[in-house]
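1. all I have is the shape, not the residue letters:
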Ligand code: FES
C-alpha cells in the first residue's frame, strides 16, 4: 500500500486544522469500518462557506482527505459544497489505496452533516 | 536522513559473521546432503553440526531437531502433525497457530482458546481446567510477539506432563532472548525461526521430543528423518545455526543491552508525554519489547510520522491492518478499540544505540503533540 505525494503532504501538513467556537454548522462522523472519527466546523455568510476547520482521529488517509475536503469546500456555496463527494476528494489527492477508500467518506460525510445542521438552523 | 530500525520482532538484519559463515555453502560446499559422494558428505557434515548446535541451544538432542522453512511451517507441522480430538491454545497466539487451529476445527477438532489477563498473561489454572478426556495437545506461546509478555510455560509444561498431554510452544520471539530448556520446561514440541535472531529468512526448526509421533506435512524423499521431505537448505541451516550459537554466546550481554535501551525508552516516553500506558506485563516481558499506547492518536499516523523521521516501528491499529480489524492480542488484553488505535510497538535489537533512543525521545513528543492537536478526542 502506498500513498501519493499529495496524500503525504496533506497528512504531514494538514490545512485548516482546528475548531470554530461559534460555528454555523458542526458535523461529526465516525468511521464504522475501523472506529475513527472526523469533525468539521463551518462558518457561513450569504450562503457561502467563509471559514472551515476540522479535527480527525484516524489514519493518514483520513487526515489527508479531511484536509483536502476543507480546501475544496472553502469559498463554495452550501449547494456546491454538498455536491463534494468522496471521489472528488480522492481524485484531488491523486487517488487513495483501495483499502483506504472508506476513509474518504469520513470527511465528506462530516462536511455534509455540518452543512445540514447549518441549513436546519 | 539517518534511519533507525525498531521493528526487530518483525525481522532482523543478518549478522555479518553469519553471512560469512554461509558463503562457502553456496559455491563450494554445495552438495546435496543425501548424496553419497564427497560433495554430499561435506553437506551432510555441515547439516549434522548445525543440528547439534540448534539442539544445544534448546537443551535437546540433535535427533530431536527438524529443520523447516520457518516459524510458520514449524507451527503448522506441530499442530497438524499431532493435534487431534481436543486442542488447548491461548487467545493471543500468532496467526500461524490461530489460523492452523481454525483449519483443524474445520477438520473435526475442538479447540479451546484460553483467555489472558490485562497484562497478556495466561493463567496455567485455566489451561488445566480446560483439559478434557479428548485433549491431545496444549499449545501456548513462550513470549508474545506484540506485547512481549513471557508466559509461564514451565508450569503449563508440567500440567501437560501430569495429564499425559503433549505440550507445544511457539518460541519464535523468545529464542535467543530468554532462556529455553526443553527438559526443565517439559516441552514436547517447540518452534523457532532464524530470521528473528539475526539469521537468514526461510529457515526455522521444530524440536520434537524423542518418542513423539508426528504426521509430516511434506512427503517425498525421506529427508529430516522422514519428517520433512525436501532437499535441505544447507546455507540457510548453517546460517541459522551460526546465528543461534551467537545468540546463546551473547545472551547475557544482549539482554543487558536491550533491557537498558528498553527501559530508557519507556521511562523517557512516560516523562515527556502525558497519557501514555505500557501494554503488556511490567516485568515478565521480553528485554527488547516496549509496546506503548498513546491516548487520542491513531497508530498508522504515528507510524508514518516516525517513518518520515527515519524511525521504523509497528502498530496494532485497525487502520494499518489489511482487514481493518484491531490487533487480536490487544483486544484479548481487554483494551477498547480506540485505545488499540494508539498502540505502537518498538522492538529493539543488538545494533541499536543509546543515541538512537535519544533521537526517538527527541522527535516523539512533537509528533504526538501534533496528532493530538488534530484529534477530536484529545481533551481541550
Ligand atoms: S481512518 Fe481508519 S483506516 Fe483510515
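-> Nice, I can see it. Note that this is a predicted model, so its numbers are computed, not measured.

2. which residues of chain B lie near the ligand?
-> Those residues of chain B that sit near the ligand, judged by Cβ under 6 Å from any ligand atom, are residue B:319. From N, CA and C alone the C-beta is placed, and that goes for glycine too.

3. please enumerate the helices of chain B.
-> B:16-22, B:24-27, B:38-58, B:71-82, B:95-106, B:124-130, B:153-162, B:234-249, B:251-272, B:299-308, B:328-332, B:337-341, B:354-374 (DSSP state H).

4. looking at those helices, which is nearest to residue A:101?
-> helix B:299-308 (15.3 Å; Cβ to Cβ).

5. which residues does that closest one contact?
-> Residues outside helix B:299-308 that contact it (Cβ atoms under 8 Å, 6 or more residues apart in numbering or on different chains) are A:8, A:11-12, A:58-60, A:63, B:294, B:312-317, B:319-320, B:341-344, B:360, B:363-364, B:367-368, B:370-371.

6. narrow those residues to those in strands?
-> Applying DSSP state E to those, the entries found in strands are B:294, B:312, B:314-315, B:343-344.

7. dump the residues you listed into a markdown table; add distance to residue A:43, pLDDT and neighbour count as well.
-> Output for the ones in strands among the contacts of helix B:299-308, formatted as a markdown table (distance: Cβ to Cβ, whole Å; pLDDT from 0 to 100; neighbours: other Cβ atoms under 10 Å in any protein chain shown):
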| residue | distance to residue A:43 | pLDDT | neighbour count |
| --- | --- | --- | --- |
| B:294 | 32 | 96 | 24 |
| B:312 | 41 | 97 | 16 |
| B:314 | 40 | 95 | 21 |
| B:315 | 35 | 93 | 27 |
| B:343 | 36 | 95 | 26 |
| B:344 | 36 | 96 | 25 |
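
8. quick one, what contacts residue B:103?
-> By Cβ under 8 Å, 6+ apart, the contact list for residue B:103 reads residue B:80.

9. and chain A, which residues reach chain B?
-> If contact is defined as Cβ under 8 Å from any Cβ of the partner chain, the residues of chain A in contact with chain B are A:8, A:11-12, A:14, A:17, A:28, A:33-39, A:55-60, A:62-63, A:99, A:102-103.

10. re the thing from before, so can I have JSON lines of the ones in strands among the contacts of helix B:299-308 showing distance to residue B:375?
-> Below are the ones in strands among the contacts of helix B:299-308 laid out as JSON lines (distance: Cβ to Cβ, whole Å):
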{"residue": "B:294", "distance to residue B:375": "10"}
{"residue": "B:312", "distance to residue B:375": "23"}
{"residue": "B:314", "distance to residue B:375": "21"}
{"residue": "B:315", "distance to residue B:375": "16"}
{"residue": "B:343", "distance to residue B:375": "15"}
{"residue": "B:344", "distance to residue B:375": "15"}
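
11. and of these, the nearest to the ligand?
-> Taking Cβ to the nearest ligand atom as the measure, residue B:315 is the one of those closest to the ligand, at 11.4 Å.

12. nearest residue to the closest one other than its sequence neighbours?
-> Here the nearest residue to residue B:315 in space, its sequence neighbours aside, is residue B:299; by Cβ to Cβ, 6 or more residues apart in numbering or on different chains that works out to 3.1 Å.

13. what is the burial count for that neighbour?
-> When neighbours are counted by other Cβ atoms under 10 Å in any protein chain shown, residue B:299 registers 26.

14. equivalent analysis for the one 5 residues further on, please.
-> Using other Cβ under 10 Å, residue B:304 is surrounded by 20 other residues.

15. what does residue B:277 give?
-> Burial of residue B:277, expressed as a neighbour count using other Cβ under 10 Å, amounts to 14.

16. ok, it - contacts?
-> If you count contacts by Cβ under 8 Å, 6+ apart, residue B:277 has them with B:292-293, B:295, B:339.

17. list the beta-bridge partners for it.
-> residue B:293 (DSSP bridges).

18. and it, how far from residue B:336?
-> Relative to residue B:336, residue B:277 is positioned 12 Å away (Cβ to Cβ, to the nearest Å).

19. re the thing from before, filter the residues of chain A next to chain B down to the buried ones and hand me the PyMOL line.
-> To isolate the buried ones among those in PyMOL, judged by 16 or more other Cβ atoms under 10 Å in any protein chain shown, type:
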select buried, chain A and resi 8+11+14+17+28+33+34+35+36+37+38+39+55+56+57+58+59+60+62+63+102+103
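
20. the residues of chain A next to chain B in helices, which ones?
-> When DSSP H defines the helices, the subset of those inside them is A:8, A:11-12, A:60, A:62-63, A:103.

21. could I get the full set of strands for chain A?
-> Applying DSSP E to chain A gives strands spanning A:25-30, A:37-45, A:48-57.

22. how big is the angle separating the last one from helix B:299-308?
-> Spelled out, that is strand A:48-57. Using axes from the mean of the first three to the mean of the last three Cα atoms, to 10 degrees, one finds that strand A:48-57 and helix B:299-308 are set 90 degrees apart in direction.

23. mind listing what's buried in strand A:48-57?
-> The neighbour-count criterion (16+ other Cβ under 10 Å) identifies A:49, A:51-57 as the buried residues of strand A:48-57.

24. please apply the same query to the shortest one.
-> If you call a residue buried by 16+ other Cβ under 10 Å, then strand A:25-30 has these buried ones: A:25-29.

25. any idea how far that strand is from the chain center?
-> The chain centroid and the centroid of strand A:25-30 are separated by 10 Å, computed with Cα atoms, centre = their mean, to the nearest Å.

26. residues contacting that strand, please?
-> Among residues not part of strand A:25-30, those counted as contacts by Cβ under 8 Å, 6+ apart are A:36-42, A:44, A:105-106, A:109-119, A:121, B:376.

27. from the residues you listed, list the buried ones, please.
-> Of all those considered here, the ones buried according to neighbour count by 16+ other Cβ under 10 Å are A:36-42, A:44, A:105-106, A:109-115, A:118, B:376.

28. just the buried positions in stretch B:120-131, please.
-> B:120-122, B:124, B:126-128, B:130-131.

29. show the end-to-end separation of it, please.
-> From its first residue to its last, stretch B:120-131 covers 21 Å (Cα to Cα, to the nearest Å).

30. ok, stretch A:40-53 next?
-> Across its full length, stretch A:40-53 reaches 6 Å between end residues, using Cα to Cα.

31. that stretch - what's its average pLDDT?
-> Per-region confidence: stretch A:40-53 scores 97 on mean pLDDT.

32. other residues contacting that stretch?
-> Counting by Cβ under 8 Å, 6+ apart, stretch A:40-53 makes contact with A:16-20, A:23-28, A:54, A:66, A:69-70, A:73-78, A:81, A:107, A:110-111, A:113-115, A:118, all of which sit outside it.

33. since we're on residue A:67, how many residues are nearby?
-> Here the number of neighbours of residue A:67 (other Cβ under 10 Å) works out to 25.

34. ok, now which ones touch it?
-> Residues counted as contacts of residue A:67 (Cβ under 8 Å, 6+ apart) are A:10-11, A:14-17, A:54.

35. of those, list those near the ligand.
-> The residues of these that also fall near the ligand, by Cβ under 6 Å from any ligand atom, amount to none at all.

36. quick check, nearest of these to the ligand?
-> Comparing the contacts of residue A:67 against the ligand with Cβ to the nearest ligand atom places residue A:11 closest, at 10.9 Å.

37. wait, what's in contact with the residue located most distally from the centre of chain A?
-> For chain A, the C-alpha farthest from the mean C-alpha position belongs to residue A:1; by Cα atoms, centre = their mean, that distance is 22.2 Å. Applying Cβ under 8 Å, 6+ apart to residue A:1 gives the contacts A:97, A:99-100.

38. tally of neighbours for the residue lying closest to residue B:148 once chain neighbours are set aside?
-> Residue nearest to residue B:148 in three dimensions, not counting chain neighbours: residue B:289, with 2.8 Å by Cβ to Cβ, 6+ apart. Residue B:289 has 28 neighbours, counted by other Cβ under 10 Å.
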